[in-house]
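Student: sharing a model that was predicted from the sequence below.
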There are 2 protein chains.
Amino acid sequence: MSPSNPSQTRKTPRQRRSAETVEAILTAAAHILEKEGFEAATTNRVAVKAGVSIGSLYQYFPNKESLVRALNDRHTQEILELLQRRFAEIRDAPLEVCVRAIVQAMVDVHRVNPALHRVLVNIVPGIGGLAETKALEDAAAALLTQFLKARKTELRPLDPELSAFMLVHAVEALTHAAVLEHPELLKGETFVEEASRMILGYLRPSALDHLGT
Amino acid sequence: MSPSNPSQTRKTPRQRRSAETVEAILTAAAHILEKEGFEAATTNRVAVKAGVSIGSLYQYFPNKESLVRALNDRHTQEILELLQRRFAEIRDAPLEVCVRAIVQAMVDVHRVNPALHRVLVNIVPGIGGLAETKALEDAAAALLTQFLKARKTELRPLDPELSAFMLVHAVEALTHAAVLEHPELLKGETFVEEASRMILGYLRPSALDHLGT
DNA sequence: GGAAGATGTGAGTAAAAGCTCACATTATTT
DNA sequence: AAATAATGTGAGCTTTTACTCACATCTTCC
């Protein structure tokens, strides 16, 4: 347990051979987690599936948690980069276009690896897994807050932080649910339309403005 | 609940003494699950905390899963009854009032026992825990579908099943997130206002109606 | 070629978890 | 009171899991 080692790996691979070993371990762990969940992903099974010995696994990951965490870090990073890219792309587009693009980005994010995403989000062994996911949500909320501030004139009066919080969680949950329960919705444009409508209805000025602060 | 629970409990308690034992076991399990999560809730610990022997636990619950499932069933039933009651109460109220009442009901549901709710929703040991939760979501969606059909004239043209699906998941996630990350939001009316706005913006006719099919 | 370090191996260990069973105690019935 | 049924007990069995360690094998570089 060296706190100075951010990636939680025991040894840093110095040769290509060992880098491939680490890669094989991560890939195998991801496959088992996806298909059979957290319980089934025992370190021994991961090692067998990766085609390496259990000893090799423990050469690079001091414990099971660090292995799952490494996977989660990588996954989180991918998602965040995709979101950042999309937000940058739409900076000057009309509001409706932006909203759809953001929703589409969320869908894309989840379609990359829905099963793994689900497992990582729901691990909850103590506080470990949750913290990283919360960090991702916070990062997404920060991107969205920035966007809302930039578009202030097109929106009803609102608290950007609060609205970003509401939207991140709503869209995240909708995408999750759609991926898991109605994947066919995601093939066409129905889902993006519906989610966009919800977001725009929430953000735009409307006859309901006597409700707000 | 009703003692007719053939698949869950191994034996049906016939004396008050054993009914109390079962109650103690369920209560202890709930407390441990709430405070320390699924992993920490070992059958032995539950038995100790309940003040009964491990043998007694296995007299009424054939395995750990059935114990958690019994807790989940009870919790689900409570939630469903509360929701049904609220839906019945608001049958004739104006739309805005209804929406707020429904959101408030969701908040109330989660405030009864937020930690337990969270754990039960996220258990995911295979498919067991998920099925019950899905059933609850489906029941909630059915109630909402019925409501949307009854209020057709006040709403934009929409697919009641689809809209109910979207709303159930959005509101569920928002309430979860609020309970866990911003409990202070729930003290005032801010959260209910915001969520209601989102829902009404989604359901009502608006300038965006060229979007939909 | 060979020393030194990096990498790989897998049988084995210790701990922990789920669960059983032979028996003890308490309640109900006859 | 005795018989029967219901309920309660907990030491310990079985299985599984994370993890170690003594050793073997590759890579690098002189």
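Tutor: Noted; the coordinates are in hand.

Student: and the worst-scoring helix or strand of chain A on mean pLDDT with DNA strand D, contact?
Tutor: Within chain A, no helix or strand scores below helix A:114-121, which has a mean of 82 by mean pLDDT, DSSP states H and E. No. Between helix A:114-121 and DNA strand D, judged by CB under 7 Å from any atom of the strand, nothing touches; the nearest distance is 13.8 Å. The C-beta positions use only the backbone N, C-alpha and C, and glycine is treated the same way.

Student: does anything pack onto that helix? Which helices or strands?
Tutor: The helices and strands touching helix A:114-121, judged by 3 or more CB pairs under 8 Å, 6 or more residues apart in numbering or on different chains; DSSP states H and E, are helix A:16-40, helix A:64-89, helix A:128-150, helix A:160-181.

Student: now do that helix against helix A:16-40, angle only.
Tutor: 80 degrees (axes from the mean of the first three to the mean of the last three CA atoms, to 10 degrees).

Student: quick revisit: of the helices and strands packed on helix A:114-121, which is nearest DNA strand C?
Tutor: With CB to the nearest atom of the strand as the measure, helix A:16-40 is the member of these nearest DNA strand C (3.6 Å).

Student: domains for chain A, by residue range?
Tutor: Domain assignment for chain A by automatic domain parsing gives A:16-62, A:71-203.

Student: contact partners for the residue in chain A positioned nearest to chain B?
Tutor: When scored by CB to the nearest CB, chain A has A:G201 as its residue closest to chain B, at 2.4 Å. Counting by CB atoms under 8 Å, 6 or more residues apart in numbering or on different chains, A:G201 touches B:M198, B:L200, B:G201, B:Y202, B:R204, B:S206, B:L208.

Student: export these to JSON lines and tack on pLDDT?
Tutor: Output for the contacts of A:G201, formatted as JSON lines (pLDDT from 0 to 100):
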{"residue": "B:M198", "pLDDT": "97"}
{"residue": "B:L200", "pLDDT": "97"}
{"residue": "B:G201", "pLDDT": "96"}
{"residue": "B:Y202", "pLDDT": "97"}
{"residue": "B:R204", "pLDDT": "94"}
{"residue": "B:S206", "pLDDT": "76"}
{"residue": "B:L208", "pLDDT": "52"}
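
Student: can you tell me which of these is closest to DNA strand C?
Tutor: Checking those against DNA strand C by CB to the nearest atom of the strand gives B:M198 as the nearest, at 40.1 Å.

Student: how many residues are close by that closest one?
Tutor: Neighbour count of B:M198, defined by other CB atoms under 10 Å in any protein chain shown: 25.

Student: same thing with A:K149?
Tutor: By other CB under 10 Å, 12 other residues sit near A:K149.

Student: please tell me how far the residue nearest to it when sequence neighbours are not counted sits from DNA strand D.
Tutor: Distances taken as CB to CB, 6 or more residues apart in numbering or on different chains put A:P160 closest to A:K149, at 5.1 Å, once the chain neighbours are dropped. According to CB to the nearest atom of the strand, to the nearest Å, A:P160 stands 42 Å off from DNA strand D.

Student: what's the answer for A:A24, then?
Tutor: 15 Å.

Student: just checking, that residue touches A:A50?
Tutor: Yes. Here A:A24 reaches A:A50: they are 4.2 Å apart, a contact under CB atoms under 8 Å.

Student: what parts of chain A come near DNA strand D?
Tutor: Within chain A, the positions lying close to DNA strand D (CB under 7 Å from any atom of the strand) are A:15-17, A:39-44, A:54-55, A:58, A:62-65.

Student: the same query, at a cut-off of 10 Å, please.
Tutor: Residues of chain A found near DNA strand D (CB under 10 Å from any atom of the strand) are A:10, A:14-18, A:38-47, A:53-59, A:61-68.

Student: can you select the buried ones among those for me in ChimeraX?
Tutor: The buried subset of the residues of chain A next to DNA strand D, as determined by 16 or more other CB atoms under 10 Å in any protein chain shown, is captured in ChimeraX by this line:
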select /A:38,41,43,46,47,56,57,59,61,62,64,66,67,68
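
Student: restrict the residues of chain A next to DNA strand D to those near DNA strand C?
Tutor: The subset of those within reach of DNA strand C, by CB under 10 Å from any atom of the strand, is A:10, A:14-18, A:43-44, A:47, A:53-59.

Student: closest to B:V103 out of the residues you listed?
Tutor: Nearest to B:V103 out of those is A:T43 (CB to CB; 44.6 Å).

Student: OK, contacts around that closest one?
Tutor: With contact set as CB under 8 Å, 6+ apart, A:T43 has these partners: A:I54, A:L57, A:Y58, A:K64, A:L67.

Student: swap in 6 Å and give it another go.
Tutor: A:T43 makes contacts with A:L57, A:K64, as judged by CB atoms under 6 Å, 6 or more residues apart in numbering or on different chains.

Student: likewise for the one 3 residues further on?
Tutor: A:V46 makes contact with A:A28, A:A29, according to CB under 6 Å, 6+ apart.

Student: C-terminal to the host helix or strand of it, what's the next element?
Tutor: Assigned by DSSP states H and E, A:V46 belongs to helix A:43-50. Counting by DSSP H and E, the element after helix A:43-50 in chain order, helix or strand, is helix A:54-60.

Student: quick one: name the residues of chain A near DNA strand C.
Tutor: Counting by CB under 10 Å from any atom of the strand, chain A comes close to DNA strand C at A:10-22, A:24-25, A:43-44, A:47-48, A:50-60.

Student: apply 7 Å and report the result again.
Tutor: Residues of chain A lying close to DNA strand C (CB under 7 Å from any atom of the strand) are A:11, A:13-15, A:17-18, A:20-21, A:44, A:52-56, A:58-59.

Student: filter the residues you listed down to the ones close to chain B.
Tutor: The subset of the residues of chain A next to DNA strand C within reach of chain B, by CB under 6 Å from any CB of the partner chain, is empty.

Student: among those, which one has the lowest pLDDT?
Tutor: The pLDDT minimum for the residues of chain A next to DNA strand C sits at A:K11, where the score is 71.

Student: tally of neighbours for it?
Tutor: A:K11 has 12 nearby residues by other CB under 10 Å.

Student: look up how far A:A19 lies from it.
Tutor: 11 Å (CB to CB, to the nearest Å).

Student: same thing with A:V48?
Tutor: Counting by CB to CB - A:V48 and A:A19 are separated by 20 Å.

Student: which of the residues of chain A next to DNA strand C lies closest to B:N72?
Tutor: Of these, the one sitting nearest to B:N72 (CB to CB) turns out to be A:N44, at 30.9 Å.
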